[in-house]
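K.L.:
Next come a sequence and a model predicted from it.
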Amino acid sequence: MRSNSLIEKDRAHYFHPVVPIRAHEKRGVTVMQSGKGVFLTDSEGNELLDGFAGLWCVNAGYGHENVVAAATEQMQRLPYATGYFHFGSEPAIELAAKLAELSPGDLDHVFFTLGGSDAVDTVIRMVRYYFNARGESSKKHFIALEKGYHGSSSNGAGLTALPVFHDKFDLPMQWQHHIASPYPYRNEAASSDEEIIAQGVANLKAKVAELGAENTAAFIMELVQGSGGVIVPPEGYAKAMQDTCRELGILFIVDEVITGFGRTGPMFGCEHEGLTPDFLTTAKGLTSGYAPMGAVFVSDAIYQAIADAAPEGVPFGHGFTYSGHPVSAAVALEVIKLYEGGMIENSKKVGAYFEQQLKTLLDHPVVGEVRAKGLLAAIEIVSNKETKAKPAKDKNVAGRLATAGYENGVIFRAFADDVIGLAPPICITEAEVDLLITRLRATLDTILDVEG
């Protein structure tokens with residue numbers, strides 16, 4: 001009865017994010033009750049391997065009592081402290097220092113947000129402030145990649161390049177632009193890594209030339225395009241785009257909301273190519289999803305310019321009530337201990353095994369491509385391997401995969417464009433990877449009729 005009551009209350013009152021609203025009302029909610037390690041249990045008692053870490057965020061896995069204890073202790077001692085008016089709290093200060101220590105380049109200053117979307121909005125505001133302070137007030141235009149995701153807030157959703165986040169929202173805005181995704185599997189104009197990298201550089205240069213370098217503020221990219229289908233650019237792509245930004249005199253922003261905190265192996269994805277962006281956004285794995293928090297890393301040069309811009313005594317006019325929330329900060333500090341205490345190394349080791357085992361699915365009749373970067377991966381479904389033809393829309397691949405996966409005891413992201421997204425907690429073991437692969441294969445076997 002309790003489960004049925006929750007379903008009815010949800011149907012009547014809970015406005016869910018990113019679902020087909022009427023379809024959700026008809027279907028009803030799936031209620032999760034508990035979690036431990038890489039497994040979740042729903043209200044019906046079904047145990048499921050969480051192959052998506054909640055929403056790419058529960059990097060450390062579920063049920064860490066030390067994290068719960070840290071949150072409890074902080075909540076008992078000081079449940080809230082503002083960052084306004086020169087106030088702060090010990091965990092927020094310690095976390096800022098720790099993140100600066102871990103960050104690439106000279107990203108020595110940390111502005112706390114509630115999540116990834118408002119981290120991107122924060123960067124947009126800081127970029128505008130920075131260029132206005134420098135007397136370059138014409139630099140307003142931002143460039144992002146097609147299939148990119150940079151949140152669903154009023155500004156960030158325009159930099160996101162997925163149609164559902166634009167339709168009927170009056171987005172993107174006139175200062176928001178997109179260039180082609182590298183998308184190696186479906187890149188018709190370039191095939192080799194070198195060609196894809198050259199294409200990306202050429203596209204960025206062409207867009208800046210079209211807008212005018214004097215009018216272009218920044219380029220933003222994910223190191224792996226998450227919600228666009230877990231698209232993994234070739235090694236060297238991000239570095240080439242960074243170098244091009246420097247050459248063109250525009251800022252380089254890296255969105256590591258998904259790739260940060262061990263998801264692709266190292267603490268930050270920037271480490272793969274030695275990147276030193278001007279801004280870096282994080283969230284999700286920062287607290288392993290145990291509490292809401294995001295962060296913007298700001299380079300020292302940008303910070304100093306912003307700090308010097310306002311007349312003495314005039315505040316920097318941006319902030320949130322819950323910036324640097326002490327409980328979230330305490331959680332993040334404890335989670336980082338887990339990462340540094342062995343999970344980063346586990347991610348590197350098991351991530352390599354995960355990539356290897358995923359490739360065994362390439363023999364499946366409906367699998368066109370497997371792509372991965374550590375414990376972040378995708379399986380692209382096709383109806384014809386040779387032509388890479390996509391299944392007919394009436395086959396309802398995404399819906400059927402999600403249902404079959406749940407029945408087989410595994411949760412993943414079933415993207416609408418026939419892609420399975422995977423991001424298991426980085427505490428996953430090789431034995432659990434094997435179980436994940438077995439359950440994925442059984443799930444794929446349920447859509448053999450799409451082949452043709």
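P.N.:
Noted; the coordinates are in hand. Numbering: from 1, shown residues only.

K.L.:
Where do the helices of the protein begin and end?
P.N.:
Assigned by DSSP state H, the helices in the chain fall at 2-13, 21-27, 53-56, 65-77, 90-102, 116-133, 156-159, 193-211, 237-248, 300-309, 326-338, 344-358, 397-407, 430-444.

K.L.:
Please look at Lys140 and Tyr130 and confirm they touch.
P.N.:
No: using CB atoms under 8 Å, Lys140 is not in contact with Tyr130; the gap is 11.9 Å. C-beta here means a position set from N, CA and C on the backbone, and glycine is covered the same way.

K.L.:
So those two - more neighbours on which side?
P.N.:
Between Lys140 and Tyr130, counting by other CB atoms under 10 Å, Tyr130 is the more crowded of the two (23 against 17).

K.L.:
Please tell me how far the more buried one sits from Gly374.
P.N.:
Applying CB to CB, to the nearest Å, the value for Tyr130 to Gly374 is 33 Å.

K.L.:
re earlier: please identify the deepest-packed of the helices of the chain.
P.N.:
The highest mean neighbour count among the helices of the chain, using mean count of other CB atoms under 10 Å, belongs to helix 156-159: a mean of 27.

K.L.:
For the residue nearest the centre of the chain, list the residues it contacts.
P.N.:
When CA atoms, centre = their mean is applied to the chain, the residue found nearest the centroid is Ile258 (2.6 Å). Listed by CB atoms under 8 Å, 6 or more residues apart in numbering, the contact set of Ile258 reads 56, 222, 224, 226, 284, 376, 423.

K.L.:
change it to 10 Å
P.N.:
Shown in contact with Ile258 (CB atoms under 10 Å, 6 or more residues apart in numbering): 53, 55-57, 116, 149, 222-227, 230, 264, 269, 282-285, 376, 423.

K.L.:
just Lys9 next, same as before
P.N.:
Val29.

K.L.:
Asp308 too?
P.N.:
By CB under 10 Å, 6+ apart, the contact set of Asp308 is Ala133.

K.L.:
what's the pLDDT at it?
P.N.:
pLDDT recorded at Asp308 is 95.

K.L.:
that older thread, shared neighbours, Lys140 and Tyr130?
P.N.:
217-218.

K.L.:
where's stretch 77-91 relative to the chain centroid, distance-wise?
P.N.:
Using CA atoms, centre = their mean, to the nearest Å, the mean C-alpha position of stretch 77-91 is found 28 Å from that of the whole chain.

K.L.:
got the buried residues for it?
P.N.:
81-83, 88-89, 91 (16 or more other CB atoms under 10 Å).

K.L.:
will you turn these into CSV that also has distance to Pro182?
P.N.:
As requested, the buried residues of stretch 77-91 are exported to CSV (distance: CB to CB, whole Å):
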residue, distance to Pro182
Ala81, 43
Thr82, 42
Gly83, 38
Gly88, 41
Ser89, 42
Pro91, 39
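
K.L.:
Out of those residues, name the two that are farthest from one another.
P.N.:
Across the buried residues of stretch 77-91, the longest distance by CB to CB is 13.7 Å; it joins Thr82 and Pro91.

K.L.:
any shared contact partners between the two?
P.N.:
Common neighbours of Thr82 and Pro91 (CB under 10 Å, 6+ apart) are 324-326.

K.L.:
buried stuff in stretch 414-427?
P.N.:
Within stretch 414-427, the residues that count as buried by 16+ other CB under 10 Å are 414-415, 418-427.

K.L.:
Any idea how far apart the tips of that stretch sit?
P.N.:
Stretch 414-427 has an end-to-end distance of 22 Å (criterion: CA to CA, to the nearest Å).

K.L.:
want to throw the buried residues of stretch 414-427 into TSV with pLDDT and distance to Val314?
P.N.:
Below are these laid out as TSV (pLDDT from 0 to 100; distance: CB to CB, whole Å):
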residue	pLDDT	distance to Val314
Ala414	97	50
Phe415	95	46
Asp418	96	53
Val419	98	48
Ile420	98	51
Gly421	98	45
Leu422	98	48
Ala423	98	43
Pro424	98	48
Pro425	98	45
Ile426	98	43
Cys427	98	46
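
K.L.:
Keep only those of these that are in strands.
P.N.:
414-415, 419-422 (DSSP state E).

K.L.:
and which of these is nearest to Leu107?
P.N.:
Among those, and counting by CB to CB, the member closest to Leu107 is Gly421, at 27.7 Å.
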